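In: Next come a sequence and a model predicted from it.
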Amino acid sequence: MEKEEVKKIIVETLKKKKGKTKFYLKDYYKMIPDMKARQVKNIVNEMVKEEILEYWSSGSTTLIGLKGAGKAHATEEGE
Amino acid sequence: MAKHETPMLDQLESGPWPSFVSDIKAEAESRAKNEKGLDYQIPQDCCDDLLGVLELSYKHGRTHWKHGGIVGVFGYGGGVIGRYCDQPEMFPAVAHFHTMRVNQPSGKFYSTKFLGDLLDIWELRGSGLTNMHGSTGDIVFLGTTTPQLEEVFFDLTHKLDTDLGGSGSNLRTPSCCIGQARCEFACYDTQAICHYMTNEYQDELHRPAFPYKFKFKFDGCPNCCVASIARSDISYIGTWRDDIRIDQEAVKAYIGGEIPPNAGAHAGRDWGPFDIHKEVIDICPTGCMRMDGDKLEINTPECTRCMHCINVMPKALRIGNDRGCSILCGAKAPILDGAQMASLLIPFIKVEEPYDELKEKVIEPIWDWWMEEGKNRERLGELIKRQGFQKLLDVTGIKAIPQHVAEPRSNPYIFWKEEEVPGGWKRDINEFRKYHQR
Ligand code: SF4
Ligand code: SF4
């Protein structure tokens, strides 16, 4: 699968999600089931660099979501 | 006059120990005076508001910090932890008060100049408060605002030639004991490998790729000064394969009371004359020591290199010469599951640059497995528990050996597979019946 295509699928899947805006890296693996996890990870990190996605961190774990989606600082995890 | 009344915090200053409350007050005072005439980049009274919000937390019995956030420096997914106060009107100076983790030097070796330079950056651009060091080992900068993050990062990387540490689902800042720099017990160069791994795995350190945190810790010997066996997903503990080197003259000197045991560490009280039987030989955990007349003997194959005898008589006993490290996996603090100590994976491996064997045969296969199979927020130790230690052996291609068994029958995770058994599972029933009646 082409990289650009993967990025498109990720963005579209994220836009379709209701309620939650931030997801574990594992959830991204599930969006592209045919690709090796490591490759998906690299693409996700690239998308952060391109400012399509952004990291959210509690300090102990990391979630990733569309840049600007949801609150910048959730009061509780998953809120 | 303090900005906020803090009766409960004041009480914390009353005991015999140094108090973080006094430290924060000292910094608040120093910022109020501003003798250096700094152009503070975050509110001057942030330390006062920090005391205020902490007092309120004690009063309410609940935290007034929100949980995490989106802050960071460009391209990095770790090193900055967003902290926002949920009472910003009452405590505006700490409304945004993010933590930054800075990669500590290997073995936590500092020059006074470097410490001064760190604080010059932090007094100007942050609260001036630090935590030396966080549990992972990082230098922790406590409290700054979002616009200062890139500035601090620029100064750290360009002026001090250091970097942010790890946080979130990343490889955390590797940490090591002081090792060969000062300690004669060090069985390998902990600082060299710690520095190497930090550079080698920059991507894993800065860009979240894992189900959860992952820690490397390097201890030069089983004394475990950085607690690798309890706190790291892969723990490297220095050890040796040959004999403990014994200086019989020095043994006699210990027995005769000429050299204080434990290098004088317990000299504050009179424990009576040194008794080598009571204090060393009888409490050797494997019972492998004995006196033959006035000669001390150690039965090396039985010795587990626990360090006890060496710690008590460092002038008489020295680590062996054939040195390397043991690798253990899966230690963790309680989160999903209870706390766990690491399990032994490799009893002995030489620790030599470029560490290819370690990387290719141990670290990377373990990561591949964990990234694939680990659940969100599941540490390696929990995955090992869930899928079995045998699975860990499978993914690393390491053969089961007796050292993998804690004690007979307690962790029987090693099962034969069909291909390992001559003839497999199927048997010729007629052949069997020749020997066994129905
Ligand atoms: S772990 Fe061992 S080698 Fe390292 S500093 Fe402690 S005693 Fe020395
Ligand atoms: S290192 Fe520990 S096990 Fe080995 S001889 Fe000394 S006390 Fe005994």
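Out: Sure thing, it's come through. Residues are numbered from 1 along each chain as shown, chains lettered A, B, ... in the order given. Ligands and ions are numbered 1, 2, ... in the order given.
In: rest of the way, CA atoms for contacts and neighbours
Out: OK.
In: Show me how chain B divides into domains.
Out: With domains defined by automatic domain parsing, chain B comprises B:7-159, B:175-239+B:324-404, B:245-318.
In: So the closest residue to A:Y29 other than its chain neighbours versus ligand 2, what's the distance?
Out: Leaving aside its sequence neighbours, A:Y29 sits nearest to A:A37 (Cα to Cα, 6 or more residues apart in numbering or on different chains; 5.8 Å). Per Cα to the nearest ligand atom, to the nearest Å, A:A37 is found 44 Å from ligand 2.
In: before we move on, what about B:E151?
Out: In terms of Cα to the nearest ligand atom, B:E151 sits 50 Å off from ligand 2.
In: give the contact list for that residue.
Out: Residues near B:E151 by Cα atoms under 8 Å, 6 or more residues apart in numbering or on different chains: B:R125.
In: now the helices: where do they sit in the stretch 251-400 of chain B?
Out: Ranges of helices in the stretch 251-400 of chain B, per DSSP state H, counting those that start in this stretch, are B:276-279, B:308-312, B:356-357, B:364-373, B:380-387, B:389-396.
In: Please report the number of neighbouring residues for the residue lying closest to B:M132 once chain neighbours are set aside.
Out: Leaving aside its sequence neighbours, B:M132 sits nearest to B:I139 (Cα to Cα, 6+ apart; 5.3 Å). B:I139 has 22 neighbouring residues, counting by other Cα atoms under 10 Å in any protein chain shown.
In: mind checking how far B:I139 is from B:P92?
Out: 26 Å (Cα to Cα, to the nearest Å).
In: Same check on B:R305?
Out: In terms of Cα to Cα, B:R305 sits 55 Å off from B:P92.
In: Which of those two has more residues huddled nearby?
Out: Ranked by neighbour count (other Cα under 10 Å), B:R305 and B:P92 place B:R305 first, with 23 against 15.
In: Would you confirm that the more buried one contacts B:T239?
Out: Yes - look at B:R305 against B:T239 with Cα atoms under 8 Å: they come within range, at 7.1 Å.
In: tell me, what's touching the two both at once?
Out: Counting by Cα under 8 Å, 6+ apart, the residues touching both B:R305 and B:T239 are B:P222.
In: the strands in the stretch 101-250 of chain B, which residues?
Out: For the stretch 101-250 of chain B, the strands defined by DSSP state E, counting those that start in this stretch occupy B:129-132, B:139-142, B:175-176, B:216-219, B:234-240, B:245-246.
In: Determine which of these approaches ligand 1 most closely.
Out: Minimum separation from ligand 1 across the strands of the stretch 101-250 of chain B (Cα to the nearest ligand atom) falls at strand B:216-219, 4.5 Å.
In: Packing partners of that closest one?
Out: The contact analysis (3 or more Cα pairs under 8 Å, 6 or more residues apart in numbering or on different chains; DSSP states H and E) places strand B:216-219 against strand B:175-176, helix B:190-200, helix B:228-231, strand B:234-240.
In: most packed of those?
Out: Ranked by mean neighbour count under mean count of other Cα atoms under 10 Å in any protein chain shown, those are led by strand B:175-176, which reaches a mean of 30.
In: So is it next to ligand 1?
Out: No - using Cα under 6 Å from any ligand atom, strand B:175-176 never reaches ligand 1; the gap is at least 7.7 Å.
In: Ligand 2 contacts on the stretch 201-350 of chain B?
Out: Within the stretch 201-350 of chain B, the residues that sit near ligand 2 (Cα under 6 Å from any ligand atom) are B:284-286, B:288-289, B:298, B:303-309.
In: need the residues of chain B near chain A, please.
Out: Neighbours of chain A within chain B, by Cα under 8 Å from any Cα of the partner chain: B:66-71, B:74-75, B:77-78, B:80-82, B:84, B:167-169, B:207-213, B:371-372, B:375-377.
In: For B:R245, the count of nearby residues, please.
Out: By the measure other Cα under 10 Å, the count of residues near B:R245 is 14.
In: Please read off the pLDDT at it from the model.
Out: pLDDT, B:R245: 98.
In: which residues sit in contact with the nearest residue to it once chain neighbours are set aside?
Out: Nearest residue to B:R245, sequence neighbours excluded (Cα to Cα, 6+ apart): B:R318, at 4.9 Å. Each residue near B:R318 by Cα under 8 Å, 6+ apart is listed here: B:F185, B:I244, B:R245, B:I246, B:I310.
In: Let's see the ChimeraX selection covering just the buried ones among these.
Out: In ChimeraX, this line selects whichever of those come out buried by 16 or more other Cα atoms under 10 Å in any protein chain shown:
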select /B:185,244,246,310
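In: Pull the number of nearby residues for whatever residue of chain A ends up closest to ligand 1.
Out: Residue nearest to ligand 1 within chain A: A:S60 (26.2 Å; Cα to the nearest ligand atom). Look at A:S60: counted by other Cα under 10 Å, it has 16 neighbours.
In: just so I have it, where are all the helices in chain A?
Out: For chain A, applying DSSP state H gives helices covering A:3-16, A:25-31, A:37-49.
In: Compare these and give me the one nearest B:C221.
Out: Among the helices of chain A, the nearest to B:C221 by Cα to Cα is helix A:37-49 (34.4 Å).
In: give me the residue from chain A nearest ligand 2.
Out: A:S60 (36.7 Å).
In: ok, that residue touching B:S167?
Out: Yes - at 6.2 Å, A:S60 counts as touching B:S167 under the criterion of Cα under 8 Å.
In: follow-up on the earlier one: would you mind checking the residues of chain B next to chain A for buried ones?
Out: Among the residues of chain B next to chain A, those buried by neighbour count (16+ other Cα under 10 Å) are B:66-71, B:75, B:77-78, B:80-82, B:84, B:167-169, B:207-213, B:371-372, B:375-377.
In: Looks like A:F23 contacts A:T61 (just checking).
Out: No - checked against Cα under 8 Å, the pair A:F23 and A:T61 is beyond contact range at 10.8 Å.
In: How far does stretch B:45-61 sit from its chain's centre?
Out: Mean C-alpha position of stretch B:45-61 versus that of the full chain (Cα atoms, centre = their mean, to the nearest Å) differs by 30 Å.
In: Name the residues of it that are buried.
Out: For stretch B:45-61, a neighbour-count test (16+ other Cα under 10 Å) marks B:D45, B:C46, B:C47, B:D48, B:D49, B:L50, B:L51, B:G52, B:V53, B:L54, B:E55, B:L56 as buried.
In: what's B:I327 in contact with, if anything?
Out: Per Cα under 8 Å, 6+ apart, neighbours of B:I327: B:I234, B:S235, B:Y236, B:I237, B:L344, B:L345, B:I346, B:P347, B:F348, B:I349.
In: Quick check: the fourth one touching B:C329?
Out: No - at 11.0 Å, B:I237 does not count as touching B:C329 under the criterion of Cα under 8 Å.
In: low-scoring pLDDT stretches of the chain, where are they?
Out: I'll assume chain A. Within chain A, the segments meeting pLDDT under 70 span A:71-79.
In: The intended chain is chain B.
Out: Counting by pLDDT under 70, the ranges of chain B that qualify are B:1, B:410-414.
In: need the residues of it near ligand 1, please.
Out: Looking at ligand 1, the residues of chain B close enough under Cα under 6 Å from any ligand atom are B:177-179, B:183, B:185-186, B:219-225.
In: Apply the buried test to those and list what passes.
Out: Using 16+ other Cα under 10 Å as the burial test, the residues of chain B next to ligand 1 include B:C177, B:I178, B:G179, B:F185, B:A186, B:D219, B:G220, B:C221, B:P222, B:N223, B:C224 as buried.
In: Contacts for stretch B:67-77, please.
Out: The contact list for stretch B:67-77 (Cα under 8 Å, 6+ apart) reads A:48-49, A:54-59, A:62, A:72-77, B:78-84, B:146, B:149-150, B:153, B:167-168, B:206-208.
In: Nice, that's everything, thank you.
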